[in-house]
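1. All I have is the shape, not the residue letters:
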């Protein structure tokens, strides 16, 4: 089989992803253009929905879709519509996160919200209050994007200062990509820049609903990853990533095949993740809107566990320790 035929097979297999990409960009253009001119109050949250969907499509691209040529996949989603997370850094940190043995690790899992208990005991009171609020669902939606961005930027700054070339390249490439989005917003679209920044924040906030309880502290790596059996709007926005244990077990499976894969092997997946399960995002909203699901300090973390010098420096910088 020729390379050309292989590429055509890949296109045919993932046509739903291509269609959704077209819908996402068309919706984003309409919301920032025509809708913003008609009703800014509607355009801001609607734009936020497409910003969230675009981030989910970036996640799909990271895992090798829709084409087999990864450079082509990246080109489709490279400018981050959320402005905050460079695609290359999202890619690199997310692939680190997919090492299941480090899930929820306060140092080595880039996507964890847990903190080393020793660090937690030394944090200033205001920082503790903010992180506790961030562990309620309402707090995660309201201040989660801000807290996440600050800690992410501090970690990235430390990596660049320590000579991490991929981190530097990722941020340098983010500059022209972000410029393209801003050129559209400022000189072409009808949405004001301040309104677009709010929409981008809303998009990041929506994504925090997805990540709120994707992983939990558990003695077994298999018990750390959730299933949320939701088929509504959020499942579409998150590209079925709510079937998260299925995604972690089969990261190369495209988003539109995950629900059927789960239904065909439901008992197996729920045994594997020790029953870490929710029926829907609505049930999560009802249960955790004003309640914390997890402690901030990792409840199973042992003080004698290995800490790399880079991780320790980054953690001290992030948490403001002197």
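-> Structure received. If you're wondering where the values come from, they're calculated on a predicted model, not measured in any experiment.

2. Under the pLDDT cut-off, which ranges of this structure? List them.
-> Within the chain, the stretches with pLDDT under 70 are 1-12, 303-322.

3. now with 80?
-> The chain contains residues with pLDDT under 80 at 1-13, 302-322.

4. Quick check: longest helix in it by residues?
-> As assigned by DSSP state H, the longest helix anywhere in the chain is helix 40-62.

5. So which bits of that one are buried?
-> 43-44, 46-62 (16 or more other CB atoms under 10 Å). (Each C-beta comes from the backbone N, C-alpha and C, glycine too.)

6. Which other helices and strands does that helix contact?
-> helix 15-30, helix 70-77, helix 87-97, helix 193-211, helix 233-237 (3 or more CB pairs under 8 Å, 6 or more residues apart in numbering; DSSP states H and E).

7. now the angle between helix 87-97 and that helix, please.
-> Per axes from the mean of the first three to the mean of the last three CA atoms, to 10 degrees, the angle that helix 40-62 makes with helix 87-97 is 60 degrees.

8. Pull the distance from helix 40-62 to the chain's centre.
-> A distance of 12 Å separates the centroid of the chain from that of helix 40-62, by CA atoms, centre = their mean, to the nearest Å.

9. Same check on stretch 208-215?
-> 9 Å.

10. Run through who's touching that stretch.
-> Outside stretch 208-215, the residues that touch it by CB atoms under 8 Å, 6 or more residues apart in numbering are 103-104, 109, 111-112, 137, 140-141, 144-145, 148, 224-226, 234, 237-238, 241-242, 244, 278, 281, 284, 288, 293-294.

11. Select from those every entry located in strands.
-> Of the positions in the contacts of stretch 208-215, residue 278 sit in strands, assigned by DSSP state E.

12. What subset of the contacts of stretch 208-215 is buried?
-> Using 16+ other CB under 10 Å, the buried members of the contacts of stretch 208-215 are 103-104, 109, 111-112, 137, 140-141, 144-145, 148, 224-226, 234, 237-238, 241-242, 244, 278, 281, 284, 288, 294.
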